[in-house]
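> my questions are about this predicted structure, shown below with the sequence.
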Amino acid sequence: MSFFQSEGKINIGQTDIRISAENGLDFSQDQTIGIYIPPSVKFFSGKDTFLQFDALISGDFSAADITTTRLTLDGEIGANSLFSQLRVYAGNRETLLEENTEYASYVSVKYGFEKDEVIQRKRALTEGAGQWVPNTRGTQGTTRSVCNDYIYSPYMKCVNSGSADAPDKTSDADNTTEFIPAKITLPIHCGIFAENKKVYPNFLTNGVYLEFVMANGRNLFRQFDGAIRDRRAPLCPVIHGIDAGGSNWKAGGGDKTDTLYIEHENNQKLVQNCPFIVGEALAVAKDDGSDVDTDAMVIKEIETKDKYLVITLTAEAENKSGADIDDEFFLYSDALKGAAAGSSFQPSCVVSNVELIVKQINMSPEYERGMLSKVKESGGVVRFDYPSVGVQRHSTLASEVQASVPLHLDYARAKGLLCMPTDASIYPCHHQTAAKDTYMITKDKEKFIEDFELRSNRTGLEGCSNGLSEYSFFLNGKMVPSRAIKTAKTTNKNGGIDANFIVELEKSLMSFGIEPKSFENYNRNFLVGRMLAMGENAVFDGRGRTARLDLKYEGTDTEYNVPSVNTLWKIFVYHLRTLTIKANDIQVEM
């Protein structure tokens, strides 16, 4: 008796097929991209299929109170943020195979925890994400930022170019932000494609039709962290003085100046390392977070002189504050932050040359005939299992001390549950881009340590803890786990961590097939979740069962641990679907 037996071998080959979008050449915000994979591509590998396009940012900086500045897409998920929804249909364009109405947020969940430095650099290379680089590093204790790589950004030229061997200078008055097309290659995060290792029988469904709905531009763009005050203030350039000797900029009635020397902190030694560009408006703040009143300051020239980085202004400015400005003060970009909320500033990102790179699998004719015969014979059926993510939404108010979120788990084979509470506030585009008055993630009690203040510029893409004290899930009338999960330390803006919360989060991510390699975003992209089934082959039948998420907000400190914003909960349910193919019928069972 043998424990092993050989089976027939299948001869296969692989070919890359390029398929263009069928409904246009260029696409911008709120438009839909449609791509059809015809049944002539009989089999394809979804995990090896990619969406490829050029992404070109453009911005009109002529609006009132706006000056030129660098812009980029989201540092964590890159060009994935361009798409708010994804739908996958069978070739008849009526049978919906799967749908994700919060596509960018779901990618944010995956990329926020399944990452390490190698993975992030690959995403920076192919997906337009950011990365930490030594050139723009912080030297004052801030957390590492992946949204501060303005030197190697794929979206713009490095306008402050120069050499490490000689003083360099940028003084072109017309040297505004020069955006360039970024070449993007994205995996498609859904069960038919990147999240499935199986070969998809495309000819049995008469092809597959994909719809990518592009996101609105209001929350799409970012300034780099090293240039803005409200993300990581200690990462901004620190003022050395008004000359190489470090002379203070005297308070009101003192000397005016059009020259500012920058300290060497945060690697500010070369022009190319400066986060600002010519024509950009600047402002001054003290290391306790207080703004300093000065005349308007706009950059005329950036150069290195006397071993210091020197910024020359278009006109002399007066220090109108009551204190001399010394090395306890720093500069930040006022290009967008200083504009009124009603400003018409609205950049855009145009996507062009859209192609789907399909990894076609060439199976043997015998294998194809075998599948067709199964469908054509009386009662013949082909079933194809694939993972999918269901999306639900629920709103809660900041005034709700205790809230209950209903959960609809009407899936026969559910695996896990992740709930993302996002800031439901609507911010003007330029204030969102500069993180002005947005949700406060962390705030240090001591001045100018670590990140000092970290405000969100990823509204809708990341979860905000909002001072949550504890949570518990109720499934079919039972609390799971048997005790509520405490989160008061994790959600305190002054920092902290709850061990049980991290354990539950890790299990939830694993139930989604997400390998949690990093928890650095545990309080920046806040999630609560529950593993519904443990093990690769285990599932949870949620049909007909009641489920809810109970929340408690019991904080008393108005600055550190009480709700500050209304929230929109985005609830992701990971489950298995079955595509049932018969002779004249295609059905999706959930």
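Received the coordinates, thanks. Predicted model only: the values in this text are computed from it and were never measured.
> for Leu260, which residues are in contact?
Ile239, His240, Ile242, Trp249, Val310, Ile311, Leu313, Leu331 (C-beta atoms under 8 Å, 6 or more residues apart in numbering). (C-beta placed from N, C-alpha, C; glycine too.)
> doesn't Leu282 fall inside a strand?
Yes. According to DSSP: H, G, I helix; E, B strand; the rest coil, Leu282 belongs to a strand.
> from Ile262, how far out is it?
11 Å (C-beta to C-beta, to the nearest Å).
> now the common contact residues for these two.
With C-beta under 8 Å, 6+ apart as the test, Leu282 and Ile262 both reach Ile311, Leu331.
> give me the number of residues near Pro516?
18 (other C-beta atoms under 10 Å).
> quick check: it touching Met510?
Yes. The criterion here is C-beta atoms under 8 Å, and Pro516 meets it with Met510 at 6.9 Å.
> check contacts around Thr139.
Neighbours of Thr139 in contact, by C-beta under 8 Å, 6+ apart: Glu265, Asn266, Asn267.
> the last one: neighbour count?
Yep, that's Asn267 we're talking about. Neighbours of Asn267 using other C-beta under 10 Å come to 16.
> state the pLDDT value of it.
Per-residue confidence (pLDDT) for Asn267: 91.
> what residues are bridge-paired with Leu210?
Per DSSP bridges, the residues bridged to Leu210 are Ile35, Val88.
> list the contacts for it?
Ile33, Gly34, Ile35, Tyr36, Ile37, Leu86, Arg87, Val88, Tyr89, Ile188, Leu356.
> distance of it relative to Gly138?
In terms of C-beta to C-beta, Leu210 sits 40 Å off from Gly138.
> for the stretch 51-200 of the chain, which spans come out with low pLDDT?
Along the stretch 51-200 of the chain, the model assigns pLDDT under 70 to residues 159-177.
> can you give me the helices in it?
Assigned helices in the stretch 51-200 of the chain, in chain order: 103-113, 117-126 (criterion: DSSP state H, counting those that start in this stretch).
> out of the ones you listed, which is the most enclosed?
helix 103-113 (a mean of 24; mean count of other C-beta atoms under 10 Å).
> and it, how far out from the chain middle?
Relative to its chain's centre, helix 103-113 lies at 7 Å (C-alpha atoms, centre = their mean, to the nearest Å).
> give me the residues contacting it.
In contact with helix 103-113 (C-beta under 8 Å, 6+ apart) are residues 76-77, 80-86, 100, 123, 129, 189, 215, 389, 391, 418, 420, 422, 458, 460-462, 509, 512, 514, 516-519, 521, 524-525, 527, 570, 572.
> recalculate using a threshold of 7 Å.
76-77, 80-81, 83-86, 100, 189, 215, 389, 418, 420, 460-462, 509, 514, 516, 518-519, 521, 525, 527, 570, 572 (C-beta atoms under 7 Å, 6 or more residues apart in numbering).
> and if you look at stretch 533-542?
Against stretch 533-542 from outside (C-beta under 7 Å, 6+ apart): Leu409, Asp410, Tyr411, Ala412, Arg413, Ala414, Lys415, Ser511, Leu532, Leu576.
> which residues of this structure score low on pLDDT?
Checking the chain against pLDDT under 70 turns up 1-11, 159-177, 253-254, 375, 377-379, 447-449.
> try it again at 80.
Along the chain, segments meeting pLDDT under 80 span 1-12, 60, 62-64, 158-177, 252-255, 340-343, 364-380, 445-450, 559, 583-584.
> quickly list the domain ranges of it.
In terms of domains, the chain is parsed into 15-159+175-224+346-589, 239-326 (source: automatic domain parsing).
> tell me the buried residues in stretch 461-479?
Of the residues in stretch 461-479, 461-473, 475 count as buried by neighbour count, 16 or more other C-beta atoms under 10 Å.
> please apply the same query to stretch 88-101.
Val88, Tyr89, Ala90, Gly91, Thr95, Leu97, Glu98, Glu99, Asn100, Thr101.
> and of the residues you listed, the nearest to Ile502?
Ile502 lies nearest to Asn100 out of the buried residues of stretch 88-101, by C-beta to C-beta, at 26.2 Å.
> correct me, but the closest one touches Leu86?
Yes. Between Asn100 and Leu86 a contact is recorded at 4.9 Å, counting by C-beta atoms under 7 Å.
> shared neighbours, the two?
Cys190.
> just to revisit the earlier point, tell me which of the contacts of Leu260 fall in helices.
With helices taken from DSSP state H, there is no overlap with the contacts of Leu260.
> picking that back up, quick one: which of the contacts of stretch 533-542 is nearest Asp293?
Ser511 (53.2 Å).
> just the helices in the stretch 401-550 of the chain please.
429-434, 488-491, 499-511.
> wait, Leu532 sits on Tyr411?
No. Counting by C-beta under 7 Å, Leu532 sits too far from Tyr411 to count as a contact (9.3 Å).
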